[in-house]
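Student: Sequence below, structure please.
(2 chains)
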Amino acid sequence: MKQYAILLDSRFCTGCNTCFYKCVQENRLHDVAANGNTRTVVQINDEGLYHQRCMHCLEPTCVANCPKKALTKSDYGPVLWDSNVCIRCGTCVLRCPFHVPMLDQDHNEIVKCSMCAHRNFDTNPDAKPACVEVCPTSAMEFGEREAIIAKAKKMASDNKLNIYGLEENGGTSMIILSKPDPIALGYPKVAKTNVGYSPIAIGGTAVGLTAAAVAAFAGLKKYSERRNNIEKEQ
Amino acid sequence: MDTSKGISRRRLLKLTGMTGALMALDTPLRNFNVAYAFGEHPQEKAPYLVKKKIPQVCARACECDCHYDVVVGVDKVTGLERALTLEGRPDDPVSRGKYCIKALGFVDGMYNPDRLLVTLKRTNPQRGLDSDPGWIKVKSEDAVKEIIEKMKKYKPEEMLFASPGDPYSNRLCQSLGVTRSDQRTECFGTHYYLNSLMVTNPPNKYYSSTYTMTHSIWGYDYNETKYMLWFGFDSFSKTAKAGILNHIAEGKRKGTKIVFFNPLRTPITDTMADEYYPIKPGTDLAVALAMVKTIVDGKLYQTDFLNKYSDAGALIDNETKLHVIDEKGTWLVWSTAENKAVPIKGCNNMAFSGGPYTFDLNGKKVTAKPVLQLLQENIEKCTPAWAEQVSEVPAKDIERIAQEFAKFAPNVCIPNLKRDPAGPNYANSWRLMQTINILHTLTGSFDREGGVLFLHGVKIPWLDEFAPIPKPYPEQPANPIDYRNEFPVTNNIYRKKDFCAPGHYGMVGHGLYHRDQVKMVFFKGPHRGLHALIQPQMTEAALLKMDLVVDWNLYPDDGAYWCDYVLPAPHQFEEAKLDIRQYYPKWACLVGGNPVQKSPGDVIGWGKIASMIGFALAPEYWTTDGSKDASKIIKDLSKDMAVAAVGAGTDDKDFMDNKNAFWIDKKPYENYKTIQEIGYGRPDGRIRMYVDEFIEVGFNGLPEPAMRWSSPEGEYQFSLLVTRAGWHMHADPNFIDNPVLNVLSAKNYTDCVWISPAAGKKLGLSNGDEVVIETNPKLMTELPRPVKSKVYMTTRISRDDCVLLFHGIGHRSKMLKHGVWGYRDGDLIPQKDPKICKQHDPTGMGWVEDVYVRIKKA
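Tutor: The predicted structure follows:
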């Protein structure tokens, strides 16, 4: 299955927030949006524009920390939220390094971008997330993650732009290009790590592997000692 | 083996080993939720079911008039079938598949529970916000009949229609002989009139077209232009103007250079500006004149264009100060080859400079100079160094930019649409607009690809064109309440050439308040009411003494509290539409829209209201044969005729049902053809740089330096800047009474007034402090109404001597559940005394930002 990503070229964003409202209409989110809980919103700051939205991390912290696996990383990119499973503990809200998920208390919902997963990109080749479709200046592009990354790197190199989202939190599927430093625009400062590995995944790969190794070693050692003792007794 | 001690070691070891192995196995699969197959996850389910898509045209949010489909479907949560969202139409040359946040807001606006669906009639005669009107509901048609009965007792000069110049309003006001005045003066009155006086020469066969604002030149070839100057064009409102942004973005990707002059730094500035100058407000004219001087002195203009398509060589009589014309009315020029005055047509060696030239004309001795020579003389002192003193834009940059602009000619343009400084923002805006048109003329960028595109090849006829009037309309009032008669330059256009011409909203409040002439005001909302007026408090006071006040509106906004009747209007998506592509007229094109739903409740259309009133009070103008036969009331055939004329369909129904509501003729744009068809002196039409009409009222026919009307004084140091959020359209409750959009406004502080951090610090302010803003009482001598608001300090206000207010907010109607927030910018801007206005501006506009205020902590 293809992995998808979004590329945002901030040089063409005018802060119109048409993406914000289109998302609300597309996903029927009027009630939560009226409470200030949005899947995507553009904040017009002094230094530039900050798109507050899910980064669809490769190794999502929210997923790793969700006690009920209500958040999952799909094979094709988006991080999805299952309202049937979620216990609304708010762990994802606290843990996300990008401060993205919002918990709407009135409607008991986690509000977070799903990359319009319902548009079924594999079966509808022209489909793209609603925000990408609607952007008046085509500041956003959607496609296979590999191609998006390659394009982002080339554009960054050709135009002396900063890239955000490539390495933050181990890599994401929301790649942002900007002329100014993204942090100055309002994007959170998130540690960059090697793509595909995130050291803050508590209970995740690192601990799991270590625990497995320890348990396996202890088990084998004990087995070996015991075997020796049995042979000795015999 | 000792099994008596519980779990054996062997088992323990096995368990431990298995645990470890399982943990290792779990790690790469930890995200895998086996609960759903692909496509079955709740977020992979479509949130709604599409039932149909209905073409529409966005005719009320701005004049881009983007063409799109309204997506109608079933909302899975409510189970209701309704309009849900929009889908773009890539074939539309304006929007190219895009639309804006306001268009999306319109979708939800159709279902706003605050929408007016019945006619309200007042029973408590006490008007104003503090009184309960005692509304009762009446049938809309009955209400119109009651209104008609009341109108029978008024003389024409006692009635005012506050309405744009749409076909039915025009027919109605002309047939009754009543004044029509509207808020478009505050948006683009200046652009409209200067374009009419210099370029479009109304009436002409293309621009006299219904549905979009006539004689406004709005087509800029952003995609192909190489160099643009933006004098305040990048207001906040432009941040969401999808119909032009998609073109501007393409141009930028191709390398268009854009130079911005604006004391406000918007996100568009950040993204699109190659150069940015925080110009002193109201001084753009100085920069523009210095650029003209640089180009003219350096002979950097497009000679061929000036020869063929302008009055650059036309002779101006030293005595009369008017164009010299022969017996056929043709301009005369001085032929350098023949050494005599000859008709302009066919002369390809006309003098642009020199003189005075003396010659005999019809037995009279005439001494004259060419227009370009006079222009050069007029702006002799307008050097870049002088402009720097005035505007604080560096002289060397002004000069360089002018040279670059000329170098890239003719693929250059200076876009201006509305509420930029060339709009009616300052007392000198009309001169700026004239100068901008001169820059377009000098660079030959009018009517060509890569420059300014002219509407051509298509029109939508007015009612008069297929339902001719049986006899001349009655005269308009000699002393209209908006003082039009005191401004003959614009009044002549309104009275004789284009009744659609915007009316003087910047003075109508003054007239209503100071004169006891008018007894009835009829507002055709939703933008024409109190919110559209500067100094609305003056009109509120005036309305207290009116005999009859009526509003036709989608919402019961502030104005309702002064009305006797409020009639419910249909939502724009409940109307059929036909539209041209004035914002990108590269090709002749028609787009159409069908009603998405039948209007709910007792909503009544404007055509019906106008026909009822017109037929009751002036029946001969409302029937096909001039009779009083109700069965012969004129029907609107404009759409049928427009469609058939270009072969877009047999009639409108065929166009909508069988032609997908779209027609385009992609014939290549013929540069400079339309100028000849519509311009001055047509069929060999030209641009007029020199405007005779200005001379006739005591002004110069060419631009000259002029300052603002107002100056900073004492504490009143802050120049007022006005914009609106990209997601708002005027004061339209479709957007302001929208709780989702309100969140956006709060997040982005557009519910605050903005000043620079340095200015705020000097005033001892912190972000979020309440402040009071007051206009200099020397500028607003009556009925001041200070504005209270929270303050937001931002470097986006690039100057310390400016304050920015957002327009359209500050509703006070208790009938708008989510609309009552913010402040009202208009309260700070004085209605203009015509005596003062005439001294500075022959067009009689409102000078909306020509105000100085003070700011104090509340």
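
Student: How about the backbone phi and psi for residue A:70?
Tutor: Per-residue torsions, residue A:70: phi -80, psi -20 (degrees, to the nearest 10).

Student: How much space separates it from chain B?
Tutor: 9 Å (CB to the nearest CB, to the nearest Å). Glycine gets a C-beta too; all of them are placed from N, C-alpha and C.

Student: The residue nearest to that residue when sequence neighbours are not counted: neighbour count?
Tutor: Leaving aside its chain neighbours, residue A:70 sits nearest to residue A:86 (3.6 Å; criterion: CB to CB, 6 or more residues apart in numbering or on different chains). Look at residue A:86: counted by other CB atoms under 10 Å in any protein chain shown, it has 20 neighbours.

Student: now do the one 10 residues further on
Tutor: Close neighbours of residue A:96, defined as other CB under 10 Å, add up to 24.

Student: who touches it in this structure?
Tutor: Neighbour list for residue A:96: A:61, A:62 [criterion: CB atoms under 8 Å, 6 or more residues apart in numbering or on different chains].

Student: Am I right that residue B:551 sits in a strand?
Tutor: Yes. According to DSSP: H, G, I helix; E, B strand; the rest coil, residue B:551 belongs to a strand.

Student: I figured it was touching residue B:527, is that so?
Tutor: No. Judged on CB atoms under 8 Å, residue B:551 makes no contact with residue B:527 at a distance of 11.6 Å.

Student: pLDDT at residue 66, what is it?
Tutor: Going with chain A. As predicted, residue A:66 sits at a pLDDT of 97.

Student: ah, no, chain B please
Tutor: On the pLDDT scale, residue B:66 gets 95.

Student: For it, which residues are in contact?
Tutor: Taking CB under 8 Å, 6+ apart as the test, what residue B:66 contacts is B:57, B:58, B:92, B:94, B:95, B:98, B:99, B:100, B:103, B:242, B:243.

Student: my guess is residue B:206 contacts residue B:453, does it?
Tutor: No. Here residue B:206 lies out of contact with residue B:453, judged by CB under 8 Å, at a distance of 11.7 Å.

Student: Looking at the two now, which is surrounded by more residues?
Tutor: Neighbour totals were compared for residue B:206 and residue B:453, and residue B:453 leads with 28 against 21 (other CB under 10 Å).

Student: Give me the nearest residue to that one, chain neighbours excluded.
Tutor: That would be residue B:219: by CB to CB, 6+ apart, it lies 3.5 Å from residue B:453.

Student: Could you pull up the residues touching that neighbour?
Tutor: B:452, B:453, B:454, B:455, B:581, B:582, B:583, B:584, B:585, B:586.

Student: The second one contacts residue B:223, correct?
Tutor: Which is residue B:453. No. With contact defined as CB under 8 Å, residue B:453 does not reach residue B:223; the gap is 10.4 Å.

Student: got the end-to-end distance for stretch A:46-59?
Tutor: Distance across stretch A:46-59, first residue to last, is 32 Å (CA to CA, to the nearest Å).

Student: State the phi and psi torsions of the residue nearest the centre of chain A.
Tutor: Nearest residue to the geometric centre of chain A (CA atoms, centre = their mean): residue A:56, 2.0 Å. Dihedral pair for residue A:56: phi 50, psi 60, per degrees, to the nearest 10.

Student: quick one: contacts for it?
Tutor: A:5, A:73, A:77, A:78, A:79, A:113, A:115, A:172, A:173, A:174.

Student: Filter the residues you listed down to the buried ones.
Tutor: A:5, A:73, A:77, A:78, A:79, A:113, A:115, A:172, A:173, A:174 (16 or more other CB atoms under 10 Å in any protein chain shown).

Student: Thanks a lot, catch you later.
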